[in-house]
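Trainee: sharing a model prediction with you, sequence too.
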Amino acid sequence: MSIGLLVVATSGAGAQYLGNYSANPYAPNSTGNAYGAGSRYNPSSINNPYGQHGSAYSNNSANNPYATDGPKLYDSEGNYRGRLSSNPYDPDSISNPYGRYGSRFAPDSVNNPYGAGNPHTPDSPTNPYGQGLSIQGADDD
């Protein structure tokens, strides 16, 4: 007959949701909430220095300056916003001052207060009342 439905896998398929990269101290999924997703005792938190995504030694960590597989950031529409990584040499890292996602002049960068980092938009990680960006870590199961 006809092809009725085409299923397309999303970029988040197989990824582990780690919370939202956000400065909101009240949202439970915010990394800015010390009692929610931002808790240093939460095993999947980027703030846990002993966890896979917060350790200074894990390749999947946001805090390892040499990591090449840090967590990915997505806005509410599913647009990729770079890697939550402290690696200044990774082209996708938000810490790379010359990269698309780290430059304070690039429109896709969370470091640009007039672009993706605008503190007045709900997706911005700098908005203290917003939802921030979704953090997706690699699924190692």
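Mentor: Now that the structure is in, tell me what you want to look at.

Trainee: where along the chain do the strands fall?
Mentor: Per DSSP state E, the chain carries strands over the ranges 15-21, 72-74, 80-83, 133-138.

Trainee: across the sheet, point out what pairs with S30.
Mentor: Taking DSSP bridges as the rule, S30 bridges to N20.

Trainee: neighbours around it, how many?
Mentor: 23 (other Cβ atoms under 10 Å). The C-beta positions use only the backbone N, C-alpha and C, and glycine is treated the same way.

Trainee: my guess is it meets N20, correct?
Mentor: Yes: taking contacts as Cβ atoms under 8 Å, S30 lies within contact range of N20: 5.4 Å.

Trainee: quickly list what's touching both of those two.
Mentor: Both S30 and N20 are contacted by A37, Q131, G132, under the criterion Cβ atoms under 8 Å, 6 or more residues apart in numbering.

Trainee: just send the residues you listed back as TSV, with neighbour count too.
Mentor: TSV is the format used below for those (neighbours: other Cβ atoms under 10 Å):
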residue	neighbour count
A37	25
Q131	20
G132	27
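
Trainee: let me know the closest of those to Y89.
Mentor: Proximity of these to Y89 (Cβ to Cβ) peaks at G132, which lies at 25.0 Å.
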